[in-house]
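Asker: Prediction below, plus the sequence it came from.
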Amino acid sequence: MEPALDHFERPDRCPACAGSRRRPFRKGNFDYARLDKDQIKITDSEYGKIWDLSRCEDCGHIFADPAPRPEFIFDLYRQVEDQAYDVESEGRSQNFRGILKTLDALQPERGTLFDVGAATGILLEAARGRGWTPNGIEASDWAAECARRTRNLPLRQGSFEEADVEPGSCRVVTMVDFIEHTPRPKDAVKKAGEILAPGGVLCIVTPDIHSLAARLAGPRWWHLRPGHLAYFSKKSLKALLGAAGFTIVRWKRYTWTFSAHYLLTRLKAFRFLVRGRRAAMIFKKIPIKLALGDSFEIYARKNPRT
């Protein structure tokens, strides 16, 4: 086990606000030294599994402590293949339409929309249909290739923080369920600020561990999973974005749409209902909207002089 521990480190300071005061928040319950690519794919169902978590005394940010080194976690994501992800493309498109509608209002001047952690390009395809010029990046070799091949999108594979993107070339950057997966969110938000034009908009969707749904679900909350390295609060998001030269202009609660088939396959006790081709086809056609209120949907504008 010892050699594997070289892939992990304890953050010197809070990853969100750089505060130095921390305290233990919750003890981890899985062997992170054996973390593998299948535990971090989008459609994993290992709910309730968490890292050793610490809480920043200054901003309330909750983060993995120790956390995986960026190069280690990126290499795992590079290997991820998630065939089940695109099966839910219709529901995911509905999720993204709400984001794009808000962006249309906040940023009526079209230009490049850069999606970080773009998976197979569902959001970018929807954005292109609304007049945006799509661009983005994805760590998974498999997902990036799917986006290029099946959706004809200019999606690159790689690390966002190291991507060669022209400064000031984007009108919008989206990070939907991305920032909780990176051990160094300050670097990601800083990069977003660099590639956005002055007045450009950054959209972030990320879980809220303090939400009512999270408290009611307790240790079975669906956002408690190996791929999630951090849980933000309103205070920590304000600190993170403010330090990078952003002003938050809108807070919302994210609403999810999935098929009944997808939701039933997430729950072991109900999987028998979708066995067989006919049953699967029926449940795939039933959309279910989940207004759980357990994820932040934040829009922040790049300050003119940053």
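Answerer: Sure thing, it's come through. Remember, predicted model here, so these are calculated numbers, not experimental data.
Asker: just how off-centre is stretch 224-241 within its chain?
Answerer: Taking CA atoms, centre = their mean, to the nearest Å, the mean C-alpha location of stretch 224-241 is offset from the chain mean by 10 Å.
Asker: Can you mark which positions in that stretch are buried?
Answerer: Neighbour-count burial for stretch 224-241 flags 224-233, 236-241 (criterion: 16 or more other CB atoms under 10 Å). For glycine as for every other residue, the C-beta is placed from the backbone atoms N, C-alpha and C.
Asker: So which of the residues you listed is the closest to Gln107?
Answerer: Leu241 (16.5 Å; CB to CB).
Asker: Contacts only, for the nearest residue to that closest one once chain neighbours are set aside.
Answerer: Closest residue in space to Leu241, ignoring its immediate chain neighbours: Ala300 at 4.8 Å, by CB to CB, 6 or more residues apart in numbering. Applying CB atoms under 8 Å, 6 or more residues apart in numbering to Ala300 gives the contacts 201-202, 204, 241, 246-249.
Asker: For Ala300, grab phi and psi.
Answerer: For Ala300, the backbone dihedrals (degrees, to the nearest 10) come out as phi -130, psi 140.
Asker: Provide the partner residues of it in its beta bridges.
Answerer: Leu202, Ile248 (DSSP bridges).
Asker: tell me, how many neighbours does the residue lying closest to Val189 once chain neighbours are set aside end up with?
Answerer: Nearest residue to Val189 in three dimensions, chain neighbours excluded: Ala244, at 4.4 Å (CB to CB, 6+ apart). Ala244: 22 surrounding residues under other CB atoms under 10 Å.
Asker: Ok, the one 4 residues further on next?
Answerer: Neighbouring residues of Ile248 were enumerated by other CB under 10 Å; the total is 16.
Asker: didn't it look like it was pressed against Lys302?
Answerer: No - under the criterion of CB atoms under 8 Å, Ile248 makes no contact with Lys302, lying 11.5 Å away.
Asker: Mutual contacts of these two, please.
Answerer: Here Ile248 and Lys302 have no joint contacts, going by CB under 8 Å, 6+ apart.
Asker: coming back round to it: would you quantify the distance from the residue nearest to Leu241 to Thr174?
Answerer: 12 Å (CB to CB, to the nearest Å).
Asker: Now for those two: what residues contact both?
Answerer: Contact criterion CB under 8 Å, 6+ apart; residues shared by Ala300 and Thr174: Leu202.
Asker: related to what we said a few turns ago, out of the buried residues of stretch 224-241, name the two that are farthest from one another.
Answerer: Greatest spatial distance in the buried residues of stretch 224-241: Pro226 and Lys238, 27.5 Å, computed using CB to CB.
Asker: Surely Pro198 is in contact with Thr247?
Answerer: No - taking CB under 8 Å as the definition, Pro198 is not a contact partner of Thr247, at 12.0 Å.
Asker: what do these two both touch?
Answerer: The overlap between the contact sets of Pro198 and Thr247 (CB under 8 Å, 6+ apart) consists of Asn303.
Asker: Excluding residues flanking it in the chain, which one is nearest Asp44?
Answerer: Of all residues not flanking Asp44 in the chain, Arg225 sits nearest, at 6.3 Å (CB to CB, 6+ apart).
Asker: what secondary structure does that neighbour sit in?
Answerer: With DSSP: H, G, I helix; E, B strand; the rest coil as the basis, Arg225 sits in coil.
Asker: before we move on, what about the one 10 residues further on?
Answerer: The three-state assignment at Lys235 reads helix, by three-state DSSP.
Asker: Quick check: it vs Phe178, distance?
Answerer: Distance of Lys235 to Phe178, given as CB to CB: 20 Å.
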